[in-house]
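Q: sequence and predicted structure below; questions after.
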Amino acid sequence: MIQTSRIQTLCEAPPRNEADYVLYWMQQSQRAVFNPALEIAVEEANARDLPVLVGFGLTARYPEANARHYAFLLQGLQDVASRLAERGIGFVVRLGEPPDVALELSRRGAIVVCDRGYLKPQVAWRRTLAIAAEVRVLQVEGDAVVPVEVASTKHEFAARTIRPKIQRRMDEFIEPLEPRPLRRRWAGPTPAGLSLRETAPVLQALGVDNAVPPVKRFTGGYGEARRRLDAFLEDGFSRYGAQRGKPEAAAASHMSPYLHYGHISPVEIALAVRAAAHAQSEDRTSYLEELIVRRELAINHVAFEPAYDSYAAVPEWARKTLAAHALDPRPHLYTPDEFEAGATHDRYWNAAMLEMRATGYMHNHLRMYWGKKVLEWSARPEQAFETLLRLNNRWFLDGRDANSFMNVGWIFGLHDRPWGPQPVFGTVRSMGRNTFRKFDADAYVRVVEALAAHEGHSGRLAAGAV
DNA sequence: ATCGGCTCGCGCAA
DNA sequence: TGCGCGAAGCCGAT
C-alpha cells in the first residue's frame, strides 16, 4: 500500500484514451527497486492494460554538474536499465532538458507519473511540465520517509522542533513496498535514446566539466548501494556505536551519495536497519536519527526556505553576531583557491580537503571541523559561505543535496544554538583542536593518503605546521 | 577528568 | 509569562 499522502496531482488534465503506455518520468528516484513512483505507474498501466515506459532526461546544464557526478549517475542508470528490462518495462534516456524530454514522451502516454525533488531546479522542472502537459501528471514522493508536508507545514527552527513531529508519524511510512506484477510487458521498439552500455561516450556527448574526474571509491547504482548496506549491517554496524565518531575507522554506511541520486530508498534502509540482526538498540536509534530526522530537517529547510542557497538563509541572530565580528583579525587567511588546493597550514584540514577532492566523500565529523575552519580563515562570513557551498557542490558525490545546503548553513549557526563568544565566530559555535582528541588524526591522514593514491593522486600530503 | 558559564529563541505549561 | 533545553563548542576553575 502506497500512502496517499505521497501522491499529488500536478496537472488535472484527464488521462488520454488513445495511448501507447503509462509514462514514468524518472528524475529524482533513480532506481527500479523500492520506488513508489514506478509502482504507481505500474498500477496505472495495469488498470488500462498498457505497458510502462520509463523516461529520463539527461541535461548537462544542471548547476555545477561535472564528470564525477555524471559518471556516478550513469552507473545508477545502467542498474535501472537492466532491472527494468528484466521486469518488462520500457526505458529511454534522452539528452535534453528534463521537462522537454518528459513532455515529448507524454504525447503518447495515458498519464504521467513523476517523482519528487525539493531543490529549486527540480521543483521548476515539474512545474514546467505541469503547465505544458496535456495529460494528467501525478507526483509521487519516494525519497523522504515522511512526506514533507506531513512532517511539517512550515520552516522548522531546529532538530528538536521537527523531531517529535517526524517521530509521531514515521511508523506509518516505514512499510515494505513489493513490486507489482505487470500485466503487459513492453513489447514494441524502444523510443530513440542514448545507449548506456558505455558511460564514457555519454560523458563525452554531455560535454560536462572534466576537471572533476570520476572516483573509484564509489560506484553508483541500487545494486552497489544495497551491497554496501548489507555489508555495513553485517559488519560495520556492530562497530558503528563505538567507532562512528572516528573518521579513520570507516565505520560509516556511506549511503549519502546513493540517497542523493535516489539509488536507494530511505524507507528500504530504515526497514533493513530495524531488522538488522547484530545491532544495539542505541545504534539503531542514532542511525535512524541521522537517516530520518536530520535528513528530513534538511529537506524541510530547502522546501520552506527559498534562500537556502544563499547566506540569507543563516538565522538572524547568527548573521548579527558574525557581522559584529567581521573585522576581527584572522590568524590565518586564505583565498577560495588556496582552500580548494588544500594549501593551508593545517595538515588535518588539508587531509580532509584531499579526501574530498580525491574520493568525493568526507566523514561527517570532519565536515564540521573543515567547514568551521573555512569560516574562521576567510575574510568575511559571506565569502566563506560561498566557498563552502562551491567546494561541497563541486567535489562531493553527495553535493547539491538538501543536506549540502543544511550542512553549510550549520557552520554559520543554522539549526544550532549560540555558545560563549569567540573571536571571528561571535556566539556561533566554533571548533578547534579538541576535535582531534576524539580520534586518531594521524591515522586519518594515512587513510586519506592511501585512498588518494588509489585514485591516482601521487605523493604524500605536505607536512604542514600543525 | 569534570563542571559551570557563556547565549538565543522556540514551544509548551500555565 | 516563565522555563527547559538544544548536532558532537570553548575556556577556566577545581
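A: Arrived safely. Everything numeric here is computed off the predicted structure, so don't read it as measured data. Numbering: from 1, shown residues only, chains lettered A, B, ... in the order given.

Q: run through who's touching the helix ranked longest in chain A.
A: Criterion DSSP state H: the longest helix present in chain A is helix A:67-87. Contact with helix A:67-87 is made by A:26, A:30-33, A:54, A:56, A:60, A:90-91, A:93, A:179, A:182, A:196, A:199, A:202-203, A:206, A:208-210, A:212-215, A:218-224, A:257, A:261, A:263, A:360, A:395, A:397, A:399-400, as judged by CB atoms under 8 Å, 6 or more residues apart in numbering. Placement of C-beta: from N, CA and C, glycine included.

Q: what about 7 Å?
A: Contact partners of helix A:67-87, identified using CB atoms under 7 Å, 6 or more residues apart in numbering, comprise A:30-33, A:54, A:56, A:91, A:93, A:182, A:196, A:199, A:202-203, A:206, A:208-210, A:212-215, A:218-223, A:257, A:261, A:263, A:360, A:397.

Q: where in chain A is pLDDT low?
A: For chain A, the stretches with pLDDT under 70 are A:236, A:459-460, A:462-466.

Q: return the residues of it in contact with DNA strand C.
A: Neighbours of DNA strand C within chain A, by CB under 7 Å from any atom of the strand: A:158-160, A:244-245, A:290, A:294, A:364-365, A:407, A:410, A:415-417, A:419-420, A:422, A:429-435.

Q: those in helices, which ones?
A: Using DSSP H, these in helices are A:Ala159, A:Arg160, A:Asn364, A:His365, A:Asn407, A:Trp410.

Q: which of those sit farthest apart?
A: A:Arg160 and A:His365 (20.5 Å; CB to CB).

Q: which one of these two is surrounded by more residues?
A: Neighbour tally, A:Arg160 and A:His365, criterion other CB atoms under 10 Å: the higher count belongs to A:His365, 17 against 12.

Q: look up how far DNA strand C lies from the spatially most central residue of chain A.
A: In chain A, the centroid-proximal residue (CA atoms, centre = their mean) is A:His260; its distance is 2.2 Å. According to CB to the nearest atom of the strand, to the nearest Å, A:His260 stands 14 Å off from DNA strand C.

Q: surely that residue touches A:Phe396?
A: No. The pair A:His260 / A:Phe396 is not scored as a contact, 8.8 Å apart, by CB atoms under 7 Å.

Q: the stretch 101-250 of chain A against DNA strand B: which residues are in contact?
A: That would be A:Glu156, A:Phe157, A:Ala158, A:Thr161, A:Pro164, which are the residues of the stretch 101-250 of chain A within reach of DNA strand B (CB under 7 Å from any atom of the strand).

Q: which of the residues you listed lies closest to A:Tyr311?
A: Checking these against A:Tyr311 with CB to CB, the nearest one is A:Phe157 at 18.1 Å.

Q: next one: phi and psi at that closest one?
A: The phi and psi values for A:Phe157, taken as degrees, to the nearest 10, are phi -80, psi -30.

Q: measure it to A:Pro315 for me?
A: 8 Å (CB to CB, to the nearest Å).

Q: between these two, which is the more surrounded one?
A: Neighbours were counted for A:Phe157 and for A:Pro315 using other CB under 10 Å; A:Pro315 has more, 16 against 12.

Q: in the longest helix of chain A, what's buried?
A: Neighbour-count burial for helix A:67-87 flags A:67-81, A:83-84, A:87 (criterion: 16 or more other CB atoms under 10 Å).

Q: phi and psi next, for A:Asp115.
A: Dihedral angles (degrees, to the nearest 10) for A:Asp115: phi -100, psi -180.

Q: A:Gln30 is in contact with that one, correct?
A: No. Using CB under 7 Å as the test, A:Asp115 is too far from A:Gln30 to be in contact (8.8 Å).

Q: before we move on, back to that, in helices, which of the contacts of helix A:67-87 appear?
A: Going by DSSP H, the helices hold A:Thr199, A:Val202, A:Leu203, A:Leu206, A:Tyr222, A:Gly223, A:Pro257 from the contacts of helix A:67-87.

Q: with neighbour count added, can I get those in a markdown table?
A: Listed next are the ones in helices among the contacts of helix A:67-87 as a markdown table, based on neighbours: other CB atoms under 10 Å:
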| residue | neighbour count |
| --- | --- |
| A:Thr199 | 19 |
| A:Val202 | 21 |
| A:Leu203 | 18 |
| A:Leu206 | 18 |
| A:Tyr222 | 24 |
| A:Gly223 | 19 |
| A:Pro257 | 27 |
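
Q: for those residues, work out which two are farthest apart.
A: Farthest pair in those (CB to CB) is A:Leu206 and A:Gly223. Separation: 23.3 Å.

Q: give the burial count for the closest residue to DNA strand B within the stretch 251-400 of chain A, as a bare number.
A: Closest residue of the stretch 251-400 of chain A to DNA strand B, CB to the nearest atom of the strand: A:Trp317 (3.6 Å). Neighbours of A:Trp317 under the rule other CB under 10 Å: 14.

Q: now do the SS call for it.
A: helix (DSSP: H, G, I helix; E, B strand; the rest coil).

Q: contacts only, for it.
A: The contact partners of A:Trp317, by CB under 7 Å, 6+ apart, come to A:Pro418.

Q: measure it to A:Arg394 for me?
A: To A:Arg394, A:Trp317 is 30 Å away according to CB to CB.

Q: swap in A:Ala324?
A: Distance from A:Ala324 to A:Arg394, counting by CB to CB: 31 Å.

Q: who has more neighbours out of the two?
A: Neighbour count, other CB under 10 Å: between A:Ala324 and A:Arg394, A:Arg394 has more, with 20 against 12.

Q: any idea how far the more buried one is from A:Arg433?
A: 28 Å.

Q: fine by me, thanks again.
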